[in-house]
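Chemist: With the input below, show me the fold.
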Amino acid sequence: TDDLQDHIIICGFGRVGQIIAQLLSERLIPFVALDVRSDRVAVGRALDLPVYFGDAGSREVLHKVGAERACAAAITLDTPGANYRTVWALSKYFPNVKTFVRAHDVDHGLNLEKAGATAVVPETLEPSLQLAAAVLAQAKLPTSEIATTINEFRSRHLAELTELCEASGSSLGYGYNRIMNKPKSQSTDSLDETPVSEGTLAI
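Modeler: Got it, this is the predicted structure:
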């Protein structure tokens, strides 16, 4: 990882992390991924991808994957606490890295913004739209009409979030004002479910 520059750090190599890795690979965009589950790391290694075993919330691990030279981080860990810890660590120790993270709910989104996230994405939006599309298809709506309906709803929803963002100073309109001080304590949410030693990075 010493030769990486302006790369993306994928924190969490589950379903979402794997999709992000695939998209980056197809575009030849440099990245490195971290996960605390050995089975997921094995999946990445089997595909010859730069996936390592390590705690993305650890300053030492982030340093080992070149966080000081990275341009952004996609944070998609299993628990709210794990996402919070990682956003907080990146914001505190590597403030030049833009952090993009998915939120389980509004309260989680607020906490992530307080921790310093660049942008928070509600994880329920796209799955909800996919489910709605399936229901509309069952209702015999034409494919073109379904696509139009879904796209219009997405555009309207994102426009509303952007408007709220401008009014509140938050990345997705959750209401957090970035002028407030960053919290120094960890979230009370549960942290990583898999125990990992601080600074562990298996390469």
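Chemist: CA only for contacts and neighbour counts going forward, please
Modeler: Will do.
Chemist: what is the mean pLDDT for the longest helix that the chain contains?
Modeler: Among all segments of the chain classified by DSSP state H, the helix with the greatest residue count is helix 143-168. For helix 143-168, the mean pLDDT works out to 80.
Chemist: for that helix, packing partners?
Modeler: With contacts defined as 3 or more C-alpha pairs under 8 Å, 6 or more residues apart in numbering; DSSP states H and E, the secondary structure elements packing on helix 143-168 are helix 125-138.
Chemist: in the helix it packs on, what counts as buried?
Modeler: Using 16 or more other C-alpha atoms under 10 Å as the test for burial, helix 125-138 gives 129, 133, 136.
Chemist: Over to stretch 19-32?
Modeler: Within stretch 19-32, the residues that qualify as buried by neighbour count (16+ other C-alpha under 10 Å) are 20-21, 30-32.
Chemist: quick one, helices of the chain?
Modeler: Applying DSSP H to the chain gives helices spanning 15-26, 38-46, 59-64, 80-93, 106-114, 125-138, 143-168.
Chemist: looking at these, which is buried most?
Modeler: Each of these was scored by mean neighbour count; the highest is helix 80-93, a mean of 24, by mean count of other C-alpha atoms under 10 Å.
Chemist: if we can go back for a sec, centre of the chain to the longest helix of the chain, how far?
Modeler: Relative to its parent chain, helix 143-168 has a centroid offset of 21 Å by C-alpha atoms, centre = their mean, to the nearest Å.
Chemist: So what angle separates the directions of it and helix 125-138?
Modeler: With axes from the mean of the first three to the mean of the last three C-alpha atoms, to 10 degrees as the criterion, the two stretches helix 143-168 and helix 125-138 enclose an angle of 150 degrees.
Chemist: Residues in contact with stretch 6-22: which ones?
Modeler: By C-alpha atoms under 8 Å, 6 or more residues apart in numbering, the residues outside stretch 6-22 that reach it are 29-36, 40-41, 44, 51, 56, 65, 67, 69-78.
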